[in-house]
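Asks: following is a predicted model, sequence given first.
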Amino acid sequence: ELKVEQNPLFLSMQEGKNYTIYCNYSTTSDRLYWYRQDPGKSLESLFVLLSNGAVKQEGRLMASLDTKARLSTLHITAAVHDLSATYFCAGGDLQETSGSRLTFGEGTQLTVNP
Amino acid sequence: EPEVTQTPSHQVTQMGQEVILRCVPISNHLYFYWYRQILGQKVEFLVSFYNNEISEKSEIFDDQFSVERPDGSNFTLKIRSTKLEDSAMYFCASSETTGELFFGEGSRLTVL
């Protein structure tokens, strides 16, 4: 059974600083996802990482995947207040007959302070 | 941009009552899901649905839960006899063959 662990669970950082959120998973997974959730809102898809060494960037966020270490990272560059949210990583295989059953991490609650 | 829509956004019900949560997935998607999130906790898989039948379900999805796709567009989650611990945000999601899930805005269920 896939287990996904994130750390840290809470992160308070100042605007302009860099930081990394880590996501470890316990067994092989076809793909690794990163989602953003604002309070009381839905899950917004940020990145889908499909292969070892995959790196994707969008604005101040960059995600990478190391399948050998079973580790994904979400790196935040020069944080701004608008990035304050909870970030979830999730893993799961794509099965032709059932789609993707995702296992989520606990989430990292990020607060960016001015 | 196509999106997954859910209704109602918030439902309050008495313990023991039946609840139906509704979802309209993205039209060309083939896989449909329900997930739930208890307040302050992580998102948990409930069930996946493909080719007009349940394809996978978690241990949370017991006999009090059921899903249906009554027509070509709607996808529903029924909770037969609600318990206090069913209070949560329920998210519908859909995906096509690439596997990327798109989530709806969620239905908040409060059981009193």
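Replies: Here it is on my side, so go on.
Asks: going forward, measure contacts and count neighbours with C-alpha atoms only.
Replies: OK.
Asks: in chain B, which spans are strands?
Replies: B:5-7, B:10-13, B:19-24, B:31-37, B:43-50, B:53-57, B:65-68, B:75-79, B:88-95, B:102-103, B:107-111 (DSSP state E).
Asks: where does pLDDT dip in chain B?
Replies: Across chain B, nothing is flagged by pLDDT under 70.
Asks: residue furthest from the geometric center of chain A?
Replies: Using CA atoms, centre = their mean, the residue of chain A lying farthest from its centre is A:T97. It sits 25.9 Å away.
Asks: what sits against that one?
Replies: B:Y50, B:S55 (CA atoms under 8 Å, 6 or more residues apart in numbering or on different chains).
Asks: A helix includes it, no?
Replies: No - assessed with DSSP: H, G, I helix; E, B strand; the rest coil, A:T97 is coil; it does not lie in a helix.
Asks: next, the contact list for the closest residue to A:L9 other than its chain neighbours, please.
Replies: Excluding the flanking residues, the one nearest A:L9 by CA to CA, 6 or more residues apart in numbering or on different chains is A:T108, at 4.2 Å. When contacts are counted by CA under 8 Å, 6+ apart, A:T108 touches A:Q6, A:N7, A:P8, A:L9, A:F10, A:L11, A:I21, A:T86, A:Y87, A:F88.
Asks: can you tell me which of those residues are buried?
Replies: Neighbour-count burial (16 or more other CA atoms under 10 Å in any protein chain shown) is assigned, among these, to A:Q6, A:N7, A:L9, A:L11, A:I21, A:T86, A:Y87, A:F88.
Asks: which element is the first one on?
Replies: Spelled out, that is A:Q6. Per DSSP states H and E, A:Q6 falls inside strand A:4-7.
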